[in-house]
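>>> I would like to see how this sequence folds:
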Amino acid sequence: MEAAIAIVGLLVLLFVVAGVILTVKAVKAAKRGVDRTVAQARRAVEDTSLRARQFAQPGMVGELAQLRLSLRTSMRATQEALRAGSSQDPSLSEALGLFERLSAHGHELDDDLKRLEREPDKASVASRLPELRERTEQITQSAESLRWAARDRARKFADDDLGALRDQIDVEAGALRHWTEDPLADPSGAPAGPTTASSTPTAPSATPSRPSAARSDGASAAGDSWGPVTDEPPAITARDPRAQVTHPWQKAPRKKETS
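Below you'll find the model as predicted:
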């Protein structure tokens, strides 16, 4: 009895622990989803404000917004391309590591551009613009180089796979068209057929052979049904009364009495 109670208690404890673990995992997953949604919304709002500032405030402020927008767009596109490709191509892991190092420089540059947007000294900002523009071009060009290399690699693999698939389809299509070849033809070119014991041809008989008498009535009837081609209908003749076969059960015809 005590053993059964212990087993039941152990099972209840296991169910409770499993429930707690599943609840914690669900809460963490929900928290990650909320954080991801908030980050995406914040990023969308910031990008929209940068686009609006780029067109609404010309000059240094608009140029700084343009640099930030181009930097963020290029880095985001490269990150998405590398992460999507690394799941199918493990060799992109090294490229992804290089992008992480490049991303650190990109975040640093984005922070510098964000601080300069609130800088009241416009002269110092104008003096630093060429250097900031050059850094932005270097980072975006490096990111684009990684992105297009990953895309070219994926397209190359897709082209190779498509070429191999096309070759296999051509072979299968040729196999499916086997009925165009003569199955009775000999590979050496001679038509296949029954072989005779002697290679010399035999002379035809002078007298035509008579049809076999063992031919059955059904076969002759079947042959006559296809009959000789003629336009005249068959003649209709009356039965010969002498040729009639009488059976024992048939009554003999009565003779007429004459007076």
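>>> use CA for all of it now, contacts and neighbours both
Will do.
>>> so where is the protein shaky, pLDDT-wise?
Flagging of the chain using pLDDT under 70 yields the residue ranges 180-259.
>>> where do the helices sit along the stretch 101-250 of the chain?
122-176, 217-226 (DSSP state H, counting those that start in this stretch).
>>> what's the most buried one of these?
Greatest average neighbour count among those goes to helix 122-176 (a mean of 14), per mean count of other CA atoms under 10 Å.
>>> so what secondary structure elements neighbour it?
helix 60-86, helix 93-117 (3 or more CA pairs under 8 Å, 6 or more residues apart in numbering; DSSP states H and E).
>>> The first one: which residues count as buried?
By neighbour count, with 16 or more other CA atoms under 10 Å as the criterion, the buried positions of helix 60-86 are 60-69, 71-72, 74-75, 78-79, 81-82, 85-86.
>>> Quick one: residues in contact with stretch 40-55.
Stretch 40-55 has contacts (CA atoms under 8 Å, 6 or more residues apart in numbering) with 61-63, 65-66, 68-69.
>>> Kindly report the same for stretch 56-67.
50-51, 53-55, 113, 116-117, 125-126, 133, 136.
>>> domain assignment for the chain?
1-56, 58-154 (automatic domain parsing).
>>> count of residues packed around Thr37?
When neighbours are defined as other CA atoms under 10 Å, Thr37 has 12 of them.
>>> about what we covered before: now distance to Leu22 too, for the helices and strands packed on helix 122-176, in CSV please.
Supplementary listing: the helices and strands packed on helix 122-176 in CSV, determined by distance: least, CA to CA, whole Å:
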stretch, distance to Leu22
helix 60-86, 28
helix 93-117, 32
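>>> before we move on, the earlier item: need the contacts of stretch 56-67 in JSON lines (columns: distance to Leu10).
Supplementary listing: these in JSON lines, determined by distance: CA to CA, whole Å:
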{"residue": "Leu50", "distance to Leu10": "60"}
{"residue": "Arg51", "distance to Leu10": "61"}
{"residue": "Arg53", "distance to Leu10": "64"}
{"residue": "Gln54", "distance to Leu10": "65"}
{"residue": "Phe55", "distance to Leu10": "68"}
{"residue": "Leu113", "distance to Leu10": "60"}
{"residue": "Leu116", "distance to Leu10": "63"}
{"residue": "Glu117", "distance to Leu10": "63"}
{"residue": "Val125", "distance to Leu10": "69"}
{"residue": "Ala126", "distance to Leu10": "72"}
{"residue": "Arg133", "distance to Leu10": "67"}
{"residue": "Thr136", "distance to Leu10": "62"}
